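Visitor: My questions are about this predicted structure, shown below with the sequence.
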Amino acid sequence: MTQFAVSGQHYLFNVQTFASIVLSNGGDDYEYALRDRTTHDVIGDVMSGASELGVLVKTTRTADDLEAAFAEAGLEFVELIQSTPRVALPATHPFVNSEKVTLEQLEDYPYIYFEQEEGAPQYFAEEALADEKRRKGIACTDRASLSELITALNGYTVTSGILVGISDGKGLSTVALDTDVKLHLGYVVKKGAELSETGKKFVAKLEQNLKKYAKF
C-alpha cells in the first residue's frame, strides 16, 4: 500500500502537485495526507515523521533564522527555485493593473495574512516582509478564508504569486511588489534522509510547477 504525507504552508501549488501525484500513482490501496500547517507545525510534522517532507519558503530576511530553526530540529532545507514577492489583489482593487506597487501605496488597505502560533517568532511568518508595520491587519488560518477576505474587503496579501489550478485562487491577481527581498521556495526533510519514490515524484513535479508558474 502506498503511504505518503506532505505538510506545507498554505500554498495552492502544493495542492495541485499533490493531486497530480495521487492521480499518476493510481492504485486501489493507498493512504495519503496533505496538511496545511503553520511554519512551526510543518517543522514539527517532518521532525516527528508524521510527514515525509515539508514545503516552506525562506526570504533573504528570514533565511538565517529559519536555517537555525531547521538545524535545531534536525532538518535540512532543499531549495527548488528563487522568486520575487508579489501582492495578491482582487479584481476590484485600484492597483490591480499596476506594473508594480509599494507597501506604502497599500497602507490604507487591509493586510490579510496567515496567523502563526501565539509567541511564534516573526521569521515564521508565511508572507515576505511580514516584519513591516501595517496599520490594518487581519489574521486568518486557512487559504479559502484568506482569499474571501481579500475579495470582500478589497485587501491584499504578500505571496509568491503562484496561484494555480484551484478555485480559491482564481478570483485574485498578482502585482509585483517593489522590494529587493527574494523568496527561496523549497522543502525540508530530516538530515540524511532519502526520499521515497513517491516523495521523489512529488518533489520533481513541485519543481516543475514552480518553474512553470512563478512570476518575476
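Guide: Yep, it's here.
Visitor: Leaving out the residues flanking it, which one is nearest to residue 10?
Guide: Closest residue to residue 10 in three dimensions, ignoring its sequence neighbours and counting by C-beta to C-beta, 6 or more residues apart in numbering: residue 143, at 4.5 Å. For glycine as for every other residue, the C-beta is placed from the backbone atoms N, C-alpha and C.
Visitor: Residue 115 now?
Guide: The nearest residue in space to residue 115 (C-beta to C-beta, 6+ apart) is residue 139, at 3.7 Å.
Visitor: before we move on, the earlier item: for the residue nearest to residue 10, give its distance to residue 157.
Guide: 10 Å (C-beta to C-beta, to the nearest Å).
Visitor: higher neighbour count, these two?
Guide: Of the pair residue 143 and residue 157, residue 157 is the one with more neighbours under other C-beta atoms under 10 Å, namely 23 against 19.
Visitor: now the more buried one, what's its secondary structure?
Guide: strand (DSSP: H, G, I helix; E, B strand; the rest coil).
Visitor: Can you name the residues that contact it?
Guide: 87-88, 111-113, 127, 146, 150 (C-beta atoms under 8 Å, 6 or more residues apart in numbering).
Visitor: any idea how far the most far-flung residue of the chain relative to its centre is from residue 209?
Guide: The C-alpha centroid of the chain is most remote from residue 28, which lies 30.7 Å away (C-alpha atoms, centre = their mean). Distance of residue 28 to residue 209, computed by C-beta to C-beta: 27 Å.
Visitor: Quick one: residues in contact with the longest helix anywhere in the chain.
Guide: Identified as the longest helix of the chain according to DSSP state H is helix 197-213. Outside helix 197-213, the residues within contact range by C-beta under 8 Å, 6+ apart are 2, 4, 6, 13-14, 16-18, 20-21, 24-25, 52-53, 55, 78, 80-81, 83, 162, 164, 185, 187, 195.
Visitor: pLDDT below threshold where in this structure?
Guide: 161, 163-170, 215-216 (pLDDT under 70).
Visitor: wait, what's in contact with the residue nearest to residue 39 when sequence neighbours are not counted?
Guide: The spatially closest residue to residue 39, leaving aside those adjacent along the chain, is residue 124, at 4.0 Å (C-beta to C-beta, 6+ apart). Going by C-beta under 8 Å, 6+ apart, residue 124 touches 38-40, 66, 69, 116.
Visitor: Among the residues you listed, which one has the most neighbours?
Guide: residue 39 (24 neighbours).
Visitor: Could you tell me how many residues sit around residue 172?
Guide: Considering only other C-beta under 10 Å, residue 172 is surrounded by 23 other residues.
Visitor: try residue 184
Guide: Using other C-beta under 10 Å, residue 184 is surrounded by 18 other residues.
Visitor: I'd say it and residue 62 touch.
Guide: No. Using C-beta atoms under 8 Å, residue 184 is not in contact with residue 62, being 9.2 Å away.
Visitor: Residue 84 and residue 129: what is the separation?
Guide: For residue 84 relative to residue 129 (C-beta to C-beta), the value is 11 Å.
Visitor: Give the intersection of the neighbour lists for these two.
Guide: 177, 179, 181.
Visitor: Could you rank those residues by neighbour count and give me the top one?
Guide: Counting by other C-beta under 10 Å, top hit in the shared contacts of residue 84 and residue 129: residue 177 with 21 neighbours.
Visitor: Look up how far residue 44 lies from the closest residue to that residue other than its chain neighbours.
Guide: Among residues not flanking residue 177 along the chain, residue 85 sits closest, at 4.6 Å (C-beta to C-beta, 6+ apart). The gap separating residue 85 from residue 44 is 26 Å, by C-beta to C-beta.
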